[in-house]
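Q: Predicted model, plus sequence, below.
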Amino acid sequence: MTILSSEIRTKYLEFFKTKSHAIIPSAPLVPENDPSVLFNTAGMQPLVPYLLGEPHPMGKRIVDVQKCVRTGDIDDVGDNRHLTFFEMLGNWSLGDYFKKESITWSHEFLTSPEWLGIDQNMLTVTVFEGNSDAPRDEESAEIWRSLGMPNDRISYLPAVDNWWAAGPTGPCGPDTEIFYYVGNGVPHGNCATNPDDWMEIWNNVFMQFDRQADGSLQPLPSQCVDTGMGLERVTATLNGFKHVFDTDIFVPYLAKIRELAREKYDDRGARIIADHIRTAVHMISDGVVPKNVAQGYILRRLIRRAIREFARMGVTGVVLGELAKMVIETFAPVYPSVSTHREKILEEIQREEEKFGKTLADGTREFEKIVRGMKEAELKTGQSITRISGQKAFTLFDTYGFPVEMTEEIAKEHGLTIDRAGFEEKFKAHQELSRTASAGMFKGGLADQSDKTTALHSACHLMLAGLRQVLGTHVAQAGSNITEERLRFDFTHPEKMTPEQITAVENFVNEAIQSSLTVTVVEESKSGAQTRGVSGSFWEKYPDTVKVYKMVGGNGKVYSEELCGGPHVENSLKMGTFKISKEESSSSGVRRIKAVLQ
Ligand code: SER
């Protein structure tokens, strides 16, 4: 059978619509209100508050396709299965149906001739074998049996396979996973006896608990279902392909790259380019721009790596745009933001291509010079030298625009390593010299923000404190998004603010700014901060020790204390004047403010 990825996506949404699910759009790739991660990495991430009990405006049955980015494996992209961007199909019960409906509907969607029409003999399932947290999941097994799944196709597996959690704390529960036969000949065995012959295609998680920081489990306010089916993988599997790069999702890009590279075409390089361009387009359409910091740094790495792979195949000049256009056309019907931001996407990619295209060749020569220098030193000293110094890696970054991970990759190709700690020291010293904000490094990239964004972030804290003072302590942050130009902030409040209230909040913030406040950060235990009434949302996503930003005026008044990952201004003198430019409804019970610093 041949089934296109677009057909699977559409059918999935349609099927769950017939089961009274509301189709909701994908959340943007960059989490709105969670500084602890750079990108959404699973379908459930944007829905965590609703799994924890907050009512969802679209009701209790939801279906979606969520854009996800996982950056932990960037270096592995190029093999035949790793991807940085993928789409997760998911259906959700937020305190509504549970195991029976979830399993029955998954079975119906997969096997009914009206939907995917898969021969049930191609499927096997796993259920949770039980431990001290939760009992053996006989209930799910029984539901599978009632649908005709033979006993020897139901495997009971331990928590490592059949327990799903978003992180060390938060919503979790046992799951049942559905596998498709990818072995030779007639399907046989199951996940316990022949694990390599079966490929997981769908995971139904029965969310029942909220794992606490001390490891204990609290029941969730109501039982939920979170299912996840990776579109790329399911498309490959159902079409009998071993690799995602053989599917309709990737074939057109690979063909285009082959056309451009001709005899220098290289499989690994082409896969890297095809993967990275998809990710780059979606990142830019969700507001990320290439930078040396945070999300923008990951984007820059992806685009520059794609440029380098093209250059290795002898393709230089402005070419990525051709592929970006293909990505935009493919996704326009699914994620309208790629069309809305078409020009911006093409512009950013072209700018990056022009910028890096100029320095790549020189940087490569510089790299070769470094290697020659190391060889000569080796000959002189008689000692083996395999580590490139932090200073040299920093020069490649600073002068030639080589992301340090790229230098590491090139070094590896030469059997060398780099002194990463040394690089980071140089990088930090450089940051201090250029007086950019002080965030330093964190996993996945270089954390930092522009001065304007940082100031608006600090203004957000003051505004929340002001809102709580003027409107009452029921006000809690429900989302935020900051660009260099403005802040957007959603908060819980039942009615429109009056002009007097808006002025009062502006005055609160401006008084704080003018009092020449200083910002200090203290680390304290999460429970201590919570008990003290420190503002914050998404507590469950923070570790046991949290950073609390405290803003104290020159007059000694404590204006704000809030849980946060930073960064913030050190003092308020250069922040300017705070002004609320818009106050409007965001969704039921949630107001939205747009504000600027002038
Ligand atoms: N949260 C589960 C997963 O990502 C199901 O969506 O696999």
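A: On my side now, so go ahead. Not measured: the values here are computed from a predicted model.
Q: How about the residues of the stretch 1-150 of the chain by the ligand?
A: Counting by Cβ under 6 Å from any ligand atom, the stretch 1-150 of the chain comes close to the ligand at 42-44, 90. (Glycine included, C-beta is placed from N, CA and C.)
Q: Glu259: neighbour count?
A: 10 (other Cβ atoms under 10 Å).
Q: quick one, phi/psi of it?
A: Glu259 adopts backbone torsions of phi -60, psi -40, taken as degrees, to the nearest 10.
Q: again, but for Phe86
A: phi -150, psi 160.
Q: Quickly list what it is bridged to.
A: Phe86 has the following beta-bridge partners by DSSP bridges: Cys68.
Q: For it, which residues are in contact?
A: Going by Cβ atoms under 8 Å, 6 or more residues apart in numbering, Phe86 touches 68, 70, 230-233.
Q: Next, format the residues of the stretch 1-150 of the chain next to the ligand as CSV and append pLDDT and neighbour count.
A: Below are these laid out as CSV (pLDDT from 0 to 100; neighbours: other Cβ atoms under 10 Å):
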residue, pLDDT, neighbour count
Ala42, 90, 18
Gly43, 92, 26
Met44, 91, 24
Gly90, 98, 25
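Q: Which of those fall within strands?
A: Gly90 (DSSP state E).
Q: ok, so of the residues of the stretch 1-150 of the chain next to the ligand, who is nearest Ile62?
A: Ile62 has its nearest neighbour among those in Gly90, at 8.2 Å by Cβ to Cβ.
Q: Identify the residues contacting the residue of the chain found nearest the ligand.
A: Across the chain, the shortest distance to the ligand (Cβ to the nearest ligand atom) belongs to Gly228, at 2.3 Å. By Cβ under 8 Å, 6+ apart, the residues touching Gly228 are 42-44, 88-90, 202-203, 205.
Q: Select from these every entry located in helices.
A: Among the contacts of Gly228, no member falls in helices (DSSP state H).
Q: and of the residues you listed, the nearest to Ser20?
A: Among the contacts of Gly228, Gly90 lies closest to Ser20 (Cβ to Cβ), at 15.9 Å.
Q: Glu561 against Gln530, yeah?
A: No: using Cβ atoms under 8 Å, Glu561 is not in contact with Gln530; the gap is 11.7 Å.
Q: Have a look at the two and say which one is more surrounded.
A: The residue with more neighbours, out of Glu561 and Gln530, is Glu561; 20 against 14, by other Cβ under 10 Å.
Q: ok so, going back, and the residue of the chain closest to the ligand, what are its phi and psi?
A: Backbone torsions of Gly228, given as degrees, to the nearest 10, read phi -140, psi 130.
Q: Report the buried residues of the longest helix along the chain.
A: Counting by DSSP H, the longest helix found in the chain is helix 342-381. Buried residues in helix 342-381, counted by 16 or more other Cβ atoms under 10 Å: 342, 345-346, 348-350, 352-353, 355-357, 359-360, 363-364, 366-367, 370, 374.
Q: Stretch 462-479 now?
A: Neighbour counts over stretch 462-479 (16+ other Cβ under 10 Å) mark 462-468, 470-471, 475-479 as buried.
Q: Ile284: which of those residues is nearest?
A: Ile284 lies nearest to Gly479 out of the buried residues of stretch 462-479, by Cβ to Cβ, at 21.0 Å.
Q: Assign a three-state SS to the nearest residue to the closest one once chain neighbours are set aside, would you?
A: In space, and not counting its chain neighbours, Gly479 is closest to Asp490: 3.9 Å by Cβ to Cβ, 6 or more residues apart in numbering. Under the three-state scheme (DSSP: H, G, I helix; E, B strand; the rest coil), Asp490 adopts strand.
Q: My guess is Asp490 contacts Gly589. True?
A: No: when contacts are counted by Cβ under 8 Å, Asp490 is not listed as touching Gly589 (10.4 Å).
Q: Which residue of the two possesses the greater neighbour count?
A: In this view Asp490 and Gly589 are compared by other Cβ under 10 Å, and Asp490 has more residues nearby, 19 against 15.
Q: which residues does the more buried one contact?
A: By Cβ under 8 Å, 6+ apart, the contact set of Asp490 is 477-480, 586, 590-593.
Q: Looking at the residues you listed, which one is closest to Gln514?
A: Proximity of the contacts of Asp490 to Gln514 (Cβ to Cβ) peaks at Ile593, which lies at 20.5 Å.
Q: My guess is the closest one contacts Lys496. True?
A: No: Ile593 lies out of contact with Lys496 (Cβ under 8 Å); the separation is 11.5 Å.
Q: what touches both of those two?
A: With Cβ under 8 Å, 6+ apart, Ile593 and Lys496 have common neighbours Glu583.
Q: Who has more neighbours out of those two?
A: Using other Cβ under 10 Å, the more surrounded residue of Ile593 and Lys496 is Ile593, with 24 against 11.
Q: For the stretch 51-200 of the chain, which segments count as helices?
A: For the stretch 51-200 of the chain, the helices defined by DSSP state H, counting those that start in this stretch cover 99-111, 138-146, 159-162.
Q: Now render these as CSV, adding mean neighbour count and mean pLDDT.
A: Shown next, in CSV, are the helices of the stretch 51-200 of the chain (neighbours: other Cβ atoms under 10 Å; pLDDT from 0 to 100):
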stretch, mean neighbour count, mean pLDDT
helix 99-111, 20, 98
helix 138-146, 18, 98
helix 159-162, 16, 95
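Q: so Ile277 touches Leu323, yeah?
A: Yes: proximity of Ile277 to Leu323 meets the contact threshold set by Cβ under 8 Å, at 4.6 Å.
Q: quick one, strands of the stretch 1-150 of the chain?
A: Remark: strands assigned in the stretch 1-150 of the chain by DSSP state E, counting those that start in this stretch are 22-24, 61-69, 85-94, 123-128.
Q: Enumerate every residue touching Asn80.
A: Per Cβ under 8 Å, 6+ apart, neighbours of Asn80: 242-245, 271.
Q: Not counting residues beside it along the chain, what's closest to Leu360?
A: Closest to Leu360 by Cβ to Cβ, 6+ apart is Ala311, at 5.9 Å.
Q: right, so of the strands of the stretch 1-150 of the chain, which gets closest to Gln223?
A: Nearest to Gln223, of the strands of the stretch 1-150 of the chain and by Cβ to Cβ, is strand 85-94 at 7.9 Å.
Q: Tell me what angle the closest one forms with helix 99-111.
A: For strand 85-94 against helix 99-111, the angle by axes from the mean of the first three to the mean of the last three Cα atoms, to 10 degrees is 140 degrees.
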